[in-house]
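A.B. asks: this one's structure only:
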């Protein structure tokens, strides 16, 4: 049965998409069968990275118009991964984003059911790891992804606003949903990298990723594939090892 990770953050700009993409690629590189799904339907990013030829999107899955097999694309050969690597993109067209923003709670409830059904279908396809790249904050789509996941990876930065909002998310969403969580400190400066705390808000801090402007300038690459010895790639692999050891 597939293990599902929701990569989430309380605020935007924490680098969660980079974490989600590189973690998914690292798992596929080592031989796991992986499916990376863009459920950030209000600010989709994965299409700009993978650019698959597609007629159907995660939007079609969430609306119930199509099943998961129509919404995902095999990029294993393109990236030379040992395991299967599937990607499902949300539609980046501005009109589609506006349409999603108008959806009511009834639609969102149905979208959660469709997402869970898609997850079950992926399990039948012998997918080992599903990773949701979520929208930040408390949009319905984010909460649906958290609800459908087995574990939440909370991408955190050092800003006061992010710290305060993360505390609220833990108390108001993750804890009531009884979700297993782990914290990733991303874009850390030296003073944070030197911290010895292994827990925050009572949750494991599993890695600290250094602040590296170079990661942003190389955003046309998946560094865990193209440059596995890069400090960012090493941090991703260390994170993966801890997830495997502590939670899988």
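C.D. replies: Arrived safely, thanks for sending. Here the structure is a predicted model, which is why all the values come from computation and not from measurement.
A.B. asks: how much space between the residue nearest the centre of the chain and residue 85?
C.D. replies: Residue closest to the mean C-alpha point of the chain, counted by CA atoms, centre = their mean, is residue 133 at 2.9 Å. The gap separating residue 133 from residue 85 is 14 Å, by CB to CB, to the nearest Å. Yep, even glycine has a C-beta here, placed from its N, CA and C like the rest.
A.B. asks: equivalent analysis for residue 6, please.
C.D. replies: In terms of CB to CB, residue 6 sits 19 Å off from residue 85.
A.B. asks: got it, and residue 139?
C.D. replies: Taking CB to CB, one finds residue 139 at 27 Å from residue 85.
A.B. asks: looking at residue 6 and residue 85, which one has more neighbours?
C.D. replies: Shown here are residue 6 and residue 85; by other CB atoms under 10 Å, residue 6 has more neighbours (29 against 26).
A.B. asks: how about the secondary structure of the more buried one?
C.D. replies: strand (DSSP: H, G, I helix; E, B strand; the rest coil).
A.B. asks: can you tell me how far it sits from residue 68?
C.D. replies: Residue 6 is 16 Å from residue 68, by CB to CB.
A.B. asks: longest single helix anywhere in the protein?
C.D. replies: helix 105-124 (DSSP state H).
A.B. asks: helices or strands up against that helix?
C.D. replies: Here helix 105-124 touches helix 58-63, helix 68-71, helix 140-148, going by 3 or more CB pairs under 8 Å, 6 or more residues apart in numbering; DSSP states H and E.
A.B. asks: check the offset of it from the chain's centre.
C.D. replies: Mean C-alpha position of helix 105-124 versus that of the full chain (CA atoms, centre = their mean, to the nearest Å) differs by 17 Å.
A.B. asks: average pLDDT for that helix?
C.D. replies: For helix 105-124, mean pLDDT is 95.
A.B. asks: now stretch 55-69
C.D. replies: The average pLDDT within stretch 55-69 is 96.
A.B. asks: and for the closest residue to residue 211 other than its chain neighbours, the neighbour number?
C.D. replies: Spatial nearest neighbour of residue 211, excluding adjacent residues (CB to CB, 6 or more residues apart in numbering): residue 187 at 4.4 Å. Residues within reach of residue 187, counting by other CB under 10 Å, total 22.
A.B. asks: mind telling me what element residue 187 is part of?
C.D. replies: strand 180-188 (DSSP states H and E).
A.B. asks: what helices and strands are in contact with that strand?
C.D. replies: Counting by 3+ CB pairs under 8 Å, 6+ apart, strand 180-188 packs on helix 16-29, strand 151-156, strand 203-210, helix 231-246.
A.B. asks: ok, back up a step: right, and the residue nearest to residue 211 touches residue 19 too?
C.D. replies: No - Residue 187 lies out of contact with residue 19 (CB atoms under 8 Å); the separation is 10.4 Å.
A.B. asks: cool, thanks, talk later.
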